[in-house]
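In: okay, here's the prediction I keep looking at, along with the sequence it came from:
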Amino acid sequence: MIPLERIPLAPRCTMGVGGPARYLVEALDEATVLAACRWAGARDLSLSVLGAGSNVVVADEGVDGLVLAIRMRGVTTHEAPGAIEVTAAAGEPWDELVARAVERGWAGLECLSGIPGLVGATPIQNVGAYGQEVSQTVTAVRALDRKADRIVTLAPGDCGFTYRESRFKSDEAGRYVVTAVTYRLEPGGKPMVNYADLERDLAARGHRAPGLGEVRASVLGIRRAKSMVLDAGDPNSRSCGSFFLNPIVDAETLSRVERAAGDLAMPRWPERDGRVKLSAAWLIERTGFARGVSRGAVGLSTRHSLAIVCREGARASEIAAFAGEIRAAVQARFGVRLVPEPVLWGGLSLER
């Protein structure tokens, strides 16, 4: 294993900004992952794992450490009672896996169509959309445990899944490098349709009893209308998708937000633990950040107020400053601190 040096990262990320990696290794197998982690550890270097670059913002100065680019490929299937277990290597393109499942009539991933990125990121982020999350189907995560220096297999209960969170992202960030994920899907199963936007779109298309293919088509259509699919011809798609998570608040905070908003129609969704999820997009718009507003080469998408987009000449520092401005405005008015969804590399911060 010979790391490459001073490799530009901007072309490897959907934002298209940021400086180079001091070192970079392309990992085509688990042996390379293990060797790269040991190499970085022996030199006391930071290790950053890069997939498709659709959920990361790299600082203009780059990353002073080792970037491990995951490129493992391969998909296998195993029949289980009433189910199909699909194991995909971490470097498999996510939407290709979803398309394959839908084409074969395997239910469980259809609402996650069109999400950019690789398989390895899905358990880390507990990727979800339109009422579906990967935690509902994940049965095993294979990963390198850097602390134990060996490959391990984690059961769902070991992953710490919550809303857009997991053990891999919060409690023990950096400890594990995901190498493969197994999903339990239902052959001939019905699609999940329990999200208002999706229900309305399916009804408008005349689908009263939609199949997996119809649900996938609707999801892709909805995402495309919001510029939430990668499209080189769409100026809004040079982004990380949703930049902020929808905040989940307790009853006391909800009351404070309601008073500040003065709008009984404020969108909200009850959570199982008694808390309430709010719309980050709604909060952002009510602080004066309309779709399309910009600060130089950085601004909000003209189609979705949760997406920060870049134009030619944009810099990571501008993205961070604009995101920090939005977060500060929302906190000042509503007392809610928005949490960024993408990972910030190279010391990049939203603090103003």
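Out: All right, it came through fine.
In: show me which residues of the biggest helix by length in the chain are buried.
Out: Criterion DSSP state H: the longest helix present in the chain is helix 316-334. By neighbour count on 16 or more other Cβ atoms under 10 Å, the buried set for helix 316-334 is 316, 318-320, 322-323, 326-330, 334. Quick note: C-beta positions are derived from backbone N, CA and C, even for glycine.
In: one more: stretch 337-352?
Out: 338, 340-346, 348, 350.
In: how about stretch 179-189?
Out: 179-185, 189.
In: I'd like the average pLDDT over it.
Out: The average of the pLDDT scores along stretch 179-189 is 98.
In: apart from its chain neighbours, what residue comes closest to V56?
Out: V343 (4.9 Å; Cβ to Cβ, 6 or more residues apart in numbering).
In: can you give me the helices in this protein?
Out: Using DSSP H, helices in the chain cover 30-42, 94-103, 121-125, 196-204, 212-225, 251-261, 280-286, 316-334.
In: and the gap between K169 and G18?
Out: 20 Å (Cβ to Cβ, to the nearest Å).
In: so between those two, which is more surrounded?
Out: G18 (27 against 19; other Cβ atoms under 10 Å).
In: where does the more buried one fall, phi/psi-wise?
Out: phi 110, psi 160 (degrees, to the nearest 10).
In: name all residues that make contact with it.
Out: 9-10, 57-60, 62, 316, 345-346 (Cβ atoms under 8 Å, 6 or more residues apart in numbering).
In: which strand residues bridge the residue nearest to it when sequence neighbours are not counted?
Out: Leaving out its chain neighbours, the residue that sits closest to G18 by Cβ to Cβ, 6+ apart is V58, at 2.6 Å. Bridge pairing for V58 (DSSP bridges) gives the partners W345.
In: state the pLDDT value of V58.
Out: Model confidence at V58, given as pLDDT, is 98.
In: how many neighbours does the nearest residue to P191 once chain neighbours are set aside have?
Out: Spatially, and ignoring its direct neighbours in sequence, P191 is nearest to V215 (4.0 Å; Cβ to Cβ, 6+ apart). Residue neighbour count, defined by other Cβ under 10 Å, stands at 25 for V215.
In: V215 touches G189, doesn't it?
Out: No - if you go by Cβ atoms under 8 Å, V215 and G189 don't touch, sitting 11.4 Å apart.
In: quick check: longest strand of this structure.
Out: When the chain is parsed with DSSP state E, its longest strand is strand 176-187.
In: by contact count, what packs against it?
Out: helix 30-42, strand 63-70, strand 83-89, strand 106-107, helix 121-125, strand 138-145, strand 150-154 (3 or more Cβ pairs under 8 Å, 6 or more residues apart in numbering; DSSP states H and E).
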